[in-house]
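Asks: Would you be able to build a 3D model of this:
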Amino acid sequence: MTDVILLLIAGLVLFLFGVTKLSDELKENIGSKAKFLIEKYTSTVLSGLILGTIATIILDSSSAVIILAIVMVNSNVITFRQTMGIVMGANIGTTMSSQIIAMNIGKYSPILLFIGFLIVFLSNSIKLKKYGNIILFFGLLFFGLHTMENAIEPLKQKNTFMEMLKSTENPIRGTLIGAFVTLIIQSSSATVGMSIVLAKKGIITLKGGIAVMMGAELGTCSDTLLATINGTRQALKTGLFHTTFNLLSIIIGLMFFNPFHNLIENLSGNVSHERALANAHVIFNVLGVLIFIWFIPFFEKILNLVIPDKIMNIKS
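Replies: You can find the predicted model right below:
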């Protein structure tokens, strides 16, 4: 049992390190371009939504995109209304990682590690080394998942572990577990990724995986709220909108949990559980955006009333 736990921890550390370093590497190489695009192409909520989606897919981190938007609104480069579209787009963009994780390419991760290693250590070009790092960290990310996948296989024989995971089938309990895990490891992608791995091994049900996935959407709000500390009121409103949007989406998801679960099962057909869970992640976030995009003016008005901009008194 000790060997299993140590291997599971090692896999999680490799995955989190890969996610973090990959995000940092992409931000360093593409971040300035993303900032320029956000500033130039977010004149409407719809354009912000599209750009937020694309930027999150490229940077592989919804938190990075939302925090970038918070930094920009804090500097008066863009407005609070512009960030609302970016936030919703980031929620859609982050589902791409779950689709990739469900592709079951973990067993090929050593190939990416080897290619990235060769480029980094044999190339004299700084630009080529950066691309090598990106490939290397992609490989590390998937190797971490593959390690966790192998580690949890023996846990299927442990009744205590299986009983604990069965509790995730209670939608509220599963959501709270997902939120707590994400709060601790500070990565919704890691939480959803672990759920997909567990679903692949038949350790967690589709219902439990959906509940944990929804909780991850709430847990990821913590780092964006932290980014608003000592920021402007516009920045604070962006962080609160992100939290409110995710929280209300989860509440509606819990209210209609069984119909949503049935919808995913019907749409997924005979696909594997991990693929069905990845599909649920996409559909849940897209439905959330489709519902709330019509209420953007309402949210903007409420948050402007709750947190009005400071009025400067100029003495003559």
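Asks: contacts, neighbours, all on C-alpha from now
Replies: Fine.
Asks: On the C-terminal side of the longest helix anywhere in the chain, identify the next helix or strand.
Replies: Longest helix in the chain by number of residues (criterion: DSSP state H): helix 2-40. Sequence order places helix 45-59 as the next helix or strand after helix 2-40, per DSSP states H and E.
Asks: so what's Val13 up against?
Replies: Shown in contact with Val13 (Cα atoms under 8 Å, 6 or more residues apart in numbering): Gly144.
Asks: Now for the residue nearest to Leu254 when sequence neighbours are not counted: which residues touch it?
Replies: Leaving aside its chain neighbours, Leu254 sits nearest to Pro171 (6.6 Å; criterion: Cα to Cα, 6 or more residues apart in numbering). By Cα under 8 Å, 6+ apart, the residues touching Pro171 are Lys207, Gly208, Ala211, Leu254, Phe257.
Asks: Most neighbours among those residues, which one?
Replies: Of all the contacts of Pro171, Ala211 has the most neighbours under the rule other Cα atoms under 10 Å, reaching 29 neighbours.
Asks: Now do the SS call for that residue.
Replies: At Ala211 the chain is in helix, as set by DSSP: H, G, I helix; E, B strand; the rest coil.
Asks: Quick check: it vs Ile251, distance?
Replies: Ala211 sits 11 Å away from Ile251, taking Cα to Cα, to the nearest Å as the criterion.
Asks: likewise Thr232?
Replies: Using Cα to Cα, Thr232 is found at 29 Å from Ile251.
Asks: So Thr191 sits against Ala211, correct?
Replies: No: Thr191 lies out of contact with Ala211 (Cα atoms under 8 Å); the separation is 11.4 Å.
Asks: and for those two, which residues touch both?
Replies: Common neighbours of Thr191 and Ala211, counting by Cα under 8 Å, 6+ apart, are Gly178.
Asks: just the contacts of Pro171 now: which is nearest Ile307?
Replies: Checking these against Ile307 with Cα to Cα, the nearest one is Leu254 at 28.8 Å.
Asks: so what pLDDT did Val289 get?
Replies: Note for Val289: predicted pLDDT of 94.
Asks: contacting residues for it?
Replies: Applying Cα under 8 Å, 6+ apart, we find Val289 in contact with Met88.
Asks: Can you list phi and psi of it for me?
Replies: Main-chain dihedrals, Val289, degrees, to the nearest 10: phi -70, psi -40.
Asks: That one and Gly219, how far apart?
Replies: Val289 sits 18 Å away from Gly219, going by Cα to Cα.
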